[in-house]
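>>> 3D model of this:
(one chain, ligands or ions: 1)
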Amino acid sequence: MSKFAASAEHTAAVRQLIPGGAHTYARGEDQYPEGMAPVIERGEGCRVWDIDGNEFAEFGSGLRATTLGHGFEPVIRAVQRYLADGVGFVRPHRLEREAAERLIDLIPSAEMVKFGVNGSDTTTAAVKLARAYTGRDMVAVCRQHPFFSTDDWFIVTTPMSAGIPAAVRPLTVQFSYNDLASLASLFDTYPGQIAAVVLEAETGEPPAAGFFAGLRQLCDKNGALLVLDEIITGFRWHERGAQYVYSIEPDLCTFGKGMANGFPLSALAGRRDVMRLGGYADDADRVFLLSLTAGGQPWALAAMLAVIDTYEQEGIAEQLHSTGADLRAGVEDAVAAAGLSDYFQVRGRDCNLVYVARDADGQPSQEFRTLVLQEFLEHGILAPSFVVNAAHDPKAIRQVIDAVAELMPVYRRALDDGVGTVLRGRPVRPAIRRRG
Ligand SMILES: Cc1ncc(COP(=O)(O)O)c(C=O)c1O
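Below is the predicted model:
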């Protein structure tokens with residue numbers, strides 16, 4: 001009997017009920033080896049248990065959202081305290097003031113803030129505000145950054161653009177990270193037409209010296225707003241955001257994921273003269289800005305306040321960096337000892353690590369990635385990435401390093417004899433693809 005029998009049965013059933021069998025593509029069965037996609041029963045700290053009763057050390061941290069780990073007590077307590085008092089009122093709750101004050105105090109560029117539920121809503125709101133403020137329609141997004149929003153202005157740039165009117169496509173153009181000339185050339189090609197430049201502070205590649213200052217100058221010179229997506233980097237690079245780490249001066253910035261340790265809360269923050277358009281402006285047309293039935297829920301704001309307290313009291317951002325550094329060093333040593341450093345690599349900032357599995361030609365390979373996932377799952381590790389949270393203890397880090405050491409001979413065999421000799425099912429595929 002397979003160790004994943006109950007998960008496999010469940011997965012087959014939900015395929016008929018939910019398109020793609022999951023409510024988030026990144027959680028789909030196609031992201032895991034065939035027949036080895038565990039369905040989760042519960043989590044605690046850095047560990048999860050599936051419906052077959054298997055225990056896993058989990059990396060990836062809830063799509064990078066649970067930076068404090070699962071079921072983190074102070075956050076749960078804060079949520080429970082406010083849940084019991086009601087979940088939605090006809091007027092704003094008292095906590096909205098404290099939450100806005102705390103976030104504005106924390107984030108260097110924030111003069112006003114509006115809370116939402118999803119990250120996507122807030123980056124879309126930033127784009128909309130920028131369009132209204134500048135009177136322009138186009139948006140320039142960073143080509144290397146994988147995700148900004150579920151909405152058309154971004155999804156139209158991906159292979160999964162079915163259902164989006166063709167008229168939307170020309171409005172989004174792309175520039176390259178660390179390549180100011182590529183952005184300058186967009187401004188030259190579309191003079192007076194680009195409303196916003198949207199990017200994350202950093203994904204795989206670190207910023208080159210002068211990149212952010214150059215970006216600011218280009219936006220100012222060309223009258224576009226700089227929108228910094230801090231949905232991953234905020235509360236991971238630092239509780240004050242990557243803008244604090246790298247002295248970036250965005251006009252608007254967006255937060256989500258870690259800000260409420262996985263509870264649905266997001267925020268759009270930025271310059272008062274831009275944000276005010278979402279309020280009671282009478283000298284400019286008003287922007288319909290993030291007005292949601294589920295907006296500003298007291299329990300979600302309470303979660304954020306508990307998260308901020310924890311970061312400030314316990315130095316969480318430093319912990320994420322040092323835990324990631326330990327993981328990276330141990331994994332790289334184990335790979336180097338096997339002589340496979342050209343094939344299995346750790347990339348990214350220590351608080352936000354991913355691994356790259358390469359084939360015999362040195363190309364990133366879905367087959368080899370699947371092999372790694374397969375061997376990790378066999379070793380009780382659920383790791384679509386090496387993204388850590390504050391609950392990852394030395395035991396969990398050791399577990400990964402030992403598993404990598406044991407993976408290496410298998411990887412070597414796959415390189416020498418073909419990955420098909422050790423891979424048990426079909427390979428994983430990119431979550432965002434056109435067909436299949
Ligand atoms: C950088 C970035 N921006 C925006 C989003 C969208 O956030 P959400 O899934 O909460 O809508 C994501 C989600 O993965 C993201 O990684």
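>>> Going by C-alpha atoms from here, please, whenever you check contacts or count neighbours.
Will do.
>>> Would you map the strands across the chain?
Assigned by DSSP state E, the chain shows strands spanning 40-44, 47-50, 55-58, 112-116, 138-142, 172-175, 194-199, 225-229, 252-255, 266-270, 344-347, 354-357, 381-382.
>>> if you compare those strands, which one is most tucked away?
strand 252-255 (a mean of 30; mean count of other CA atoms under 10 Å).
>>> Can you tell me the strand partners of that strand and which way each runs?
Strand pairing for strand 252-255, using DSSP bridges, gives strand 225-229 (parallel), strand 266-270 (antiparallel).
>>> Name the residues that touch it?
109-110, 119, 122-123, 126, 225-232, 234, 266-271 (CA atoms under 8 Å, 6 or more residues apart in numbering).
>>> repeat for stretch 403-417
So stretch 403-417 is contacted by 331, 334-335, 338, 340, 359-360, 368, 371-372, 375-376, 379, 419-422 (CA under 8 Å, 6+ apart).
>>> go again using 6 Å as the cut-off
For stretch 403-417, contacts defined as CA atoms under 6 Å, 6 or more residues apart in numbering pick out Ala334, Ala360.
>>> Stretch 105-112 too?
Ile104, Arg240, Ala269, Gly270, Arg271, Arg272.
>>> what's the answer for stretch 127-140, then?
By CA under 6 Å, 6+ apart, stretch 127-140 touches Leu171, Thr172, Val173, Gln174, Gln193, Ile194, Ala195, Ala196, Val197.
>>> And for the first one, the neighbour number?
When you say that, I think you mean Leu171. 17 (other CA atoms under 10 Å).
>>> Now for it: which residues touch it?
Met138.
>>> so how far is Val287 from it?
Distance, Leu171 to Val287, by CA to CA, to the nearest Å: 19 Å.
>>> right, and out of the contacts of stretch 127-140, which lies closest to the ligand?
Here the nearest of those to the ligand, counting by CA to the nearest ligand atom, is Val197; it sits at 13.9 Å.
>>> sorry, back to before: got the strands of the chain as CSV, with mean pLDDT and distance to Leu305 columns?
Output for the strands of the chain, formatted as CSV (pLDDT from 0 to 100; distance: least, CA to CA, whole Å):
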stretch, mean pLDDT, distance to Leu305
strand 40-44, 98, 21
strand 47-50, 98, 24
strand 55-58, 98, 25
strand 112-116, 98, 13
strand 138-142, 98, 31
strand 172-175, 98, 35
strand 194-199, 99, 26
strand 225-229, 99, 21
strand 252-255, 98, 14
strand 266-270, 98, 13
strand 344-347, 98, 31
strand 354-357, 98, 29
strand 381-382, 98, 30
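>>> Now render those strands as CSV, adding distance to the ligand.
Formatted as CSV, those follow (distance: least, CA to the nearest ligand atom, whole Å):
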stretch, distance to the ligand
strand 40-44, 19
strand 47-50, 21
strand 55-58, 17
strand 112-116, 10
strand 138-142, 11
strand 172-175, 16
strand 194-199, 8
strand 225-229, 6
strand 252-255, 8
strand 266-270, 7
strand 344-347, 17
strand 354-357, 13
strand 381-382, 18
